[in-house]
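Chemist: pasting the sequence and the predicted coordinates here, then a few questions.
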Amino acid sequence: MPISPRKTLPVLPRPLALPLSMVPEHVHSSLIARALSILFANQIKAGELEFLSDRMVCIQVLDAGIGFRLSYRRRRLVAGDRDAKPDLSIRGTVYDFLTLISRREDADTLFFQRRLKMEGDTELGLYVKNFLDGADIESIRFYASGDFMVQRSVLLFERLFGG
């Protein structure tokens, strides 16, 4: 039986990525840190993000041309120092991160398929993965409306940019 060709995964077109990539990384980092601090307020209060204390994670969204540097200080997520080397870097495309957030794909699958790539402190990477896998998503603020939007975003992204 012949092997079927692998379906091309959706990618954000360069003209749409250009405006995003022109915004300084620190602005992206500050916005995402603030949003995640609100979303994970219960987990932060419970001390579930202490493993990130004085550590920095860099998330690069390759097709969007953007990156986020996140640290955890004084019981909140903050923008990481843009001049410091991150302890952990995770790279992928918009679609890869959307499928992870929507739980359509799990982190293990995405890493195994080499759609998400990780560099640096693998123990910290395992903590991040376990936190995401073990998070009680129903307890995350705005889960119901946010999940609906994420699920719709994945479908829209596939329709507009799918291969």
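Modeler: Structure received. Numbers count the residues shown, from 1 in each chain.
Chemist: only C-alpha atoms from now on, for both contacts and neighbour counts.
Modeler: Will do.
Chemist: and the strands in the chain?
Modeler: Counting by DSSP state E, the chain has strands at residues 56-61, 66-73, 76-79, 88-92, 117-120.
Chemist: show me the helices in the protein, by range?
Modeler: 14-22, 25-39, 41-45, 94-101, 107-112, 122-134, 143-161 (DSSP state H).
Chemist: most tightly surrounded among those helices?
Modeler: By mean neighbour count, with neighbours taken as mean count of other CA atoms under 10 Å, helix 94-101 ranks first of these at a mean of 20.
Chemist: that one packs against which elements?
Modeler: helix 107-112, helix 143-161 (3 or more CA pairs under 8 Å, 6 or more residues apart in numbering; DSSP states H and E).
Chemist: any idea which of the helices of the chain gets closest to Leu52?
Modeler: Proximity to Leu52 (CA to CA) singles out helix 122-134 among the helices of the chain, at 7.8 Å.
Chemist: quick check: mean pLDDT of the closest one?
Modeler: Across helix 122-134, pLDDT averages out at 89.
Chemist: who's in contact with that helix?
Modeler: Helix 122-134 is contacted by residues Glu48, Phe51, Leu52, Asp87, Leu88, Ala107, Met118 when judged by CA atoms under 8 Å, 6 or more residues apart in numbering.
Chemist: kindly state the beta-bridge partners for the last one.
Modeler: With DSSP bridges applied, Met118 shows beta-bridge pairing to Ile90.
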